[in-house]
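Asker: based on what follows, work out the 3D shape:
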Amino acid sequence: MAIAMGGCASDGNDPEATPTPTSSSSSPAPTTTSPTPQSDSDIASEAASALVAKYYATVDRLGQQPSESLGALSTVATGVQLSAQQTALKSQREANQKQVGDTKITKLDVQSVNLDNSDPKAGKVPTVQIDVCWDVSQVDVVDATGKSIVSSSRPDTGWTRLTVANYHYAANPTGGWRVATGQDLKKDPCDAS
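Answerer: As a prediction, the model looks like this:
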């Protein structure tokens, strides 16, 4: 009996007993990776940052087109910032002045995100603080004759910290953002674009 079993065993030199690789016609199963879902803070940060770009473009446009209604400001600003921009643009228009050129955002740094929406009526709403480095080297303000009224000492670049708030967060978490306040910062100037 031992001899019969020995005859069936292979010493590894038998070509018939060595397994040969076979090719398979089936493809490996595709691996699906789903993107990591964004956090609420990331979504708020992106929405507020996009609003800041829209805010600067809107203020520029209203400064360049004195006949356009200032109502567009309410789509990008609220509270103190809305009042400040309305006052500045009204004064510019009353003096027959207009802006030429566009403000460029050279850097935008989100500093903080607070999504506390516990009391919107009392002003406790989600906010995003964003430091913006702006470049006005290509911006002028001219009088009715086309003469520049911009001081030669005006800096071409600077930093402003904007607080962007969403008083309608519960109903509109991405589209309800508005610039609520702005504070110029004493920081090293950023590079002009």
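Asker: please point out which parts of whichever helix in the chain runs longest sit buried.
Answerer: Secondary structure of the chain read by DSSP state H shows that its longest helix is helix 40-64. Within helix 40-64, the residues scored as buried using 16 or more other C-beta atoms under 10 Å are 44-45, 47-49, 51-52, 55-56, 58-60, 62-63. All C-beta spots, glycine's among them, are computed from the backbone N, C-alpha and C.
Asker: then stretch 156-164?
Answerer: By neighbour count, with 16+ other C-beta under 10 Å as the criterion, the buried positions of stretch 156-164 are 157-164.
Asker: give me the contact list for it.
Answerer: The contact list for stretch 156-164 (C-beta atoms under 8 Å, 6 or more residues apart in numbering) reads 48, 51-52, 55, 81, 106, 111, 127-137, 177-185, 187, 189-192.
Asker: where do the strands of this protein begin and end?
Answerer: With DSSP state E, the ranges of strands along the chain come out as 98-100, 104-114, 127-135, 140-142, 157-166, 177-185.
Asker: quick one: which of the ones you listed is nearest residue 40?
Answerer: Ranking the strands of the chain by distance to residue 40, with C-beta to C-beta as the measure, places strand 104-114 first at 8.6 Å.
Asker: what is that closest one packed up against?
Answerer: Helices and strands touching strand 104-114, as assessed by 3 or more C-beta pairs under 8 Å, 6 or more residues apart in numbering; DSSP states H and E, comprise helix 40-64, strand 127-135.
Asker: other SSEs contacting the first one?
Answerer: Just to be clear, that refers to helix 40-64. The elements that helix 40-64 packs onto, with contact taken as 3+ C-beta pairs under 8 Å, 6+ apart, are helix 79-94, strand 98-100, strand 104-114, strand 127-135, strand 157-166, strand 177-185.
Asker: how about the ones you listed, which one is nearest residue 38?
Answerer: Going through the helices and strands packed on helix 40-64 one by one, with C-beta to C-beta as the measure, strand 104-114 comes closest at 12.1 Å.
Asker: list the strands paired with that closest one, with their directions.
Answerer: Paired strands of strand 104-114, with direction, are strand 127-135 (antiparallel) (DSSP bridges).
Asker: quick one: residues in contact with the partner strand.
Answerer: Counting by C-beta under 8 Å, 6+ apart, strand 127-135 makes contact with 44-45, 48-49, 52, 56, 103-114, 156-166, 177, 180, 185, 187, 190, 192-193, all of which sit outside it.
Asker: run the angle between that strand and helix 40-64 for me.
Answerer: Relative orientation of strand 127-135 versus helix 40-64 (axes from the mean of the first three to the mean of the last three C-alpha atoms, to 10 degrees): 50 degrees.
Asker: for the spatially most central residue of the chain, give me its contacts.
Answerer: Centroid check for the chain by C-alpha atoms, centre = their mean gives residue 49 as the closest residue, at 2.8 Å. Taking C-beta under 8 Å, 6+ apart as the criterion, residue 49 is in contact with 108, 110, 128, 130.
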